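Asks: I would like to see how this sequence folds:
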Amino acid sequence: MAFQETIEAVGEVIDALGVAAIVIGIVTATIIAAWRLGTRQPEVYHQFRRYLGRSILLGLEILVAADIIKTVAVTPTLDSVAVLAAIVVIRTFLSWSLELEISGRWPWQKWKDAERPAAQAEAE
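Replies: I've put the predicted structure just below:
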């Protein structure tokens with residue numbers, strides 16, 4: 001097996017892992033939500049959205065890694081790199097949007113909250 005074929009196979013495996021992460025996350029989030037509904041726990045919908053969003057984020061990150069491997073290692077032409085850049089920008093925007101939906105903050109705002117003193121955070 002040639003190097004290019006090996007890299008393509010690795011990219012396909014990582015693609016499959018990304019899809020599997022999303023599917024397993026959806027199934028797991030649904031099972032947990034159904035169990036929580038059955039036991040009448042509060043905040044079922046919000047927890048379901050949080051678990052679902054996290055699994056989609058994980059899957060997107062893995063899919064971006066697969067795209068990078070397949071594009072840069074297999075066909076490093078200017079056109080393929082431009083397509084990769086567009087894909088990464090779109091998926092990054094989706095990741096940021098999902099993060100905003102899950103946590104209510106942009107990804108770069110998290111570290112600011114960690115630096116604030118606890119007393120100041122409680123006062124607000």
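
Asks: What segments of the chain are helices?
Replies: Assigned by DSSP state H, the helices in the chain fall at 3-38, 44-68, 78-103, 110-115, 118-123.

Asks: Mean neighbour count, the ones you listed: which tops it?
Replies: For the helices of the chain, the largest average neighbour count (mean count of other Cβ atoms under 10 Å) is found in helix 44-68, namely a mean of 17. All C-beta atoms are positioned from the backbone trio N, CA, C, and that covers glycine.

Asks: Not counting residues beside it along the chain, what's closest to residue 84?
Replies: Leaving aside its sequence neighbours, residue 84 sits nearest to residue 71 (Cβ to Cβ, 6 or more residues apart in numbering; 4.1 Å).

Asks: wouldn't that neighbour be in contact with residue 78 here?
Replies: No. If you go by Cβ atoms under 8 Å, residue 71 and residue 78 don't touch, sitting 11.3 Å apart.

Asks: And residue 104, how far from residue 72?
Replies: Residue 104 sits 35 Å away from residue 72, going by Cβ to Cβ, to the nearest Å.

Asks: Of those two, give the one with the bigger neighbour count.
Replies: Between residue 104 and residue 72, counting by other Cβ atoms under 10 Å, residue 72 is the more crowded of the two (13 against 8).
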